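what's the 3D shape of this:
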Amino acid sequence: MKQSSPSQALEFVRDALLSANESVRRGRRYGDAAQPIGRGASGDMTYKVDKDAEDAVLATAKRFFESPNIISEERGILKGGEDVWILLDPIDGSSNAKRDTGPFSTAVCVSTENRFGSVTAAGVIDHSSGRLIWGNSECVYENWGIASRSNEKSIWKALISFDSKFYMLREASITRIATLMAKTKYPRVFSTAALETAYVATGRIDAYVCLDGGLRTFDCMPSLFLLKKVGCEVSIPWKELDETRLDSSKRLSYVAACTQPLMKQILKILGSG
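Residues are numbered from 1 along each chain as shown. This next block holds a predicted model:
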């Protein structure tokens, strides 16, 4: 068994996401992105755009690693022989992707163990703009420049994005979300949790809120790694996240914010702090 070096993991993340973006662009040209393929391992419908992006990332993985362990929304868990774990959401925001409207993304991270605390590199790409958010323990980048979070402290001025799965929320949670939306001038719902969370790390979004609808590991762990590295606030303790397995079936809910004052205001309104 062998482990990937930090530089190798970061290069893989970059190349994998750029390759996925190219596959998505080809699908747009041919107009077959919305073609249904079947049910993926997670139980959701797989479309051609999902498969194309996944194939692109897995082909890139073969160039960088001999036999990695892969956890993907579409193919499930593919066991390998290396101390390399790849967590992948081929397309986050598939409904946007199949209609070619609104943002959607691909998210990936590389770890030396099957746990969040061992992730060494991660990234997300915005297929609507081609913008790449990627990084390792040393630095987080947006495209080819160093990323930095916003310093916004005012809930009224903050651009706050919300998880779109309102149908999964309890009535009390819907009321809490509506109250928070009324307290900010710039509420947003983009329907791609991986990208929305990652944008908190680069200052394009000031906060992201997901309550009891819940997210799967591949929806959010690559982005949460980026948030951790730039010093953002997350309502789940980092120690708890560090011990969470990449292949865990546990759904995660959290608030992410660029600053502690903004986090405190959000949690107070939500009745969590």
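
what residues are up against the residue nearest to R26 when sequence neighbours are not counted?
With sequence-adjacent residues excluded and distances taken as CB to CB, 6 or more residues apart in numbering, R26 is closest to D52, at 7.2 Å. For every residue, glycine as well, the C-beta is placed using N, CA and C. By CB atoms under 8 Å, 6 or more residues apart in numbering, the contact set of D52 is A20, S23, V24, R26, G27, A33.

tell me where the stretch 101-250 of the chain has strands.
With DSSP state E, counting those that start in this stretch, the ranges of strands along the stretch 101-250 of the chain come out as 105-111, 119-126, 131-136, 140-142, 145-146, 159-162, 186-188, 207-215, 233-234.

out of these, which is the most enclosed?
Mean neighbours per residue, mean count of other CB atoms under 10 Å, is largest over the strands of the stretch 101-250 of the chain for strand 105-111, with a mean of 31.

what's the angle from it to strand 131-136?
For strand 105-111 against strand 131-136, the angle by axes from the mean of the first three to the mean of the last three CA atoms, to 10 degrees is 10 degrees.

other SSEs contacting strand 105-111?
When contacts are defined as 3 or more CB pairs under 8 Å, 6 or more residues apart in numbering; DSSP states H and E, strand 105-111 sits against helix 6-30, helix 48-64, strand 85-92, strand 119-126, helix 193-202, helix 217-230.

buried ones in the second one?
Yep, that's helix 48-64 we're talking about. For helix 48-64, a neighbour-count test (16 or more other CB atoms under 10 Å) marks 48-58, 60-61, 64 as buried.

so what's the model's average confidence on it?
Mean pLDDT, helix 48-64: 95.

quick one: distance of that helix to the chain centre.
17 Å (CA atoms, centre = their mean, to the nearest Å).

sorry, back to before: of all the contacts of D52, the one with the weakest confidence?
Lowest pLDDT of the contacts of D52: A33, 76.

isn't R28 up against D100?
Yes: between R28 and D100 there is a contact under CB atoms under 8 Å: 6.3 Å.

re earlier: would JSON lines of the contacts of D52 with neighbour count be doable?
What follows is the contacts of D52, written out as JSON lines (neighbours: other CB atoms under 10 Å):
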{"residue": "A20", "neighbour count": "28"}
{"residue": "S23", "neighbour count": "24"}
{"residue": "V24", "neighbour count": "26"}
{"residue": "R26", "neighbour count": "14"}
{"residue": "G27", "neighbour count": "23"}
{"residue": "A33", "neighbour count": "24"}
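
adding distance to A257, write the residues you listed out as TSV.
Formatted as TSV, the contacts of D52 follow (distance: CB to CB, whole Å):
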residue	distance to A257
A20	28
S23	33
V24	30
R26	37
G27	35
A33	33
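
thank you kindly, that will do.
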